[in-house]
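A.B. asks: this one's structure only:
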């Protein structure tokens, strides 16, 4: 059996389980990157019989020699190496695929072939919270006299007050935001669980100001099912945003 075929079936199965599209996309990127490595190593398309700990160790060595990737597949011009944590993430995706191959539903392999694949040791580090001066520096670069500056400051305060994830902020709808009470309804957070978070008075004021600017720019009140935060073209914000150039009208807001 071609390994590429098994990977395609795995991705279809992930979709069937209701896994978030972004998560399925992450698995796709890792597995197809591994396929490229193995095809180069073997000189042919790998089969299910080739899928072993040894072949996955080839992938691990290849990642270390290749260096950091830009947008997953392009080489980083600076030539910086991949972090051990990134390599761990890649290999965890392969181990999850290996577990799926051996599951009773598929039974493509008699056992989990990557059960003994060792993950690189995790770094003994931790992330420090931002200091007050760092938070203030972020606030200071947002111009609350403009549409985009008000939006960015509202986003920042929502992150600080509510601890929202980026995907939760970008998926907020107008109907999810109760400005008067400062409550944000997160329809599908991590694990597809919903919850409500509350932001403070400063964030509420910025949310109200941004709503006014946004609707004035559009010339109409936003519908409840419309995205609350919008990009420079009026569409929904994306998780991986791009540089935005404000229009003359947006600068004057």
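C.D. replies: Right, received. Where do you want to start? Owing to the predicted nature of the structure, the values given are computational and were not obtained by experimental measurement. Numbers count the residues shown, from 1 in each chain.
A.B. asks: Tell me where the model's unsure across the stretch 151-253 of the chain.
C.D. replies: Segments of the stretch 151-253 of the chain classed as low confidence (criterion: pLDDT under 70) are 189-192, 239-253.
A.B. asks: So which residues of the stretch 51-200 of the chain form helices?
C.D. replies: Assignment of helices within the stretch 51-200 of the chain using DSSP state H, counting those that start in this stretch yields the ranges 53-66, 84-102, 132-140, 147-162, 166-170.
A.B. asks: quick check: angle from the first one to helix 84-102?
C.D. replies: If I follow you right, that is helix 53-66. In this structure, helix 53-66 runs at an angle of 150 degrees to helix 84-102, with axes from the mean of the first three to the mean of the last three CA atoms, to 10 degrees as the basis.
A.B. asks: Go through the helices of the stretch 51-200 of the chain and pick out the most buried.
C.D. replies: helix 147-162 (a mean of 21; mean count of other CB atoms under 10 Å). C-beta coordinates here come from the backbone N, C-alpha and C atoms, glycine included.
A.B. asks: how far off helix 132-140 does that one point, in degrees?
C.D. replies: In terms of direction (the same axes, to 10 degrees), helix 147-162 departs from helix 132-140 by 150 degrees.
A.B. asks: how close does residue 175 get to residue 238?
C.D. replies: Using CB to CB, to the nearest Å, one gets 20 Å for the distance from residue 175 to residue 238.
A.B. asks: Could you check which of those two is surrounded by more residues?
C.D. replies: More neighbours surround residue 175 than the other of residue 175 and residue 238, with 14 against 11 (other CB atoms under 10 Å).
A.B. asks: Spatially, which residue comes closest to the more buried one, not counting chain neighbours?
C.D. replies: The spatial neighbour of residue 175 that comes closest, neighbours along the chain excluded (CB to CB, 6 or more residues apart in numbering), is residue 224 at 3.3 Å.
A.B. asks: and residue 183, which of the helices of the stretch 51-200 of the chain is closest to it?
C.D. replies: The closest approach between residue 183 and any of the helices of the stretch 51-200 of the chain, judged by CB to CB, belongs to helix 147-162 at 9.6 Å.
A.B. asks: residues making contact with the closest one?
C.D. replies: With CB atoms under 8 Å, 6 or more residues apart in numbering as the contact definition, helix 147-162 has outside contacts at 135, 138-139, 142-144, 164, 169, 184, 197-200, 202-203, 206-207, 209-210, 213-214, 217, 229-230, 232, 244, 246, 250, 253.
A.B. asks: List only those of those flagged as buried.
C.D. replies: Taking 16 or more other CB atoms under 10 Å as the criterion, what is buried in the contacts of helix 147-162 is 142, 144, 164, 169, 184, 197, 199, 203, 206-207, 209-210, 213-214, 229-230, 232, 250, 253.
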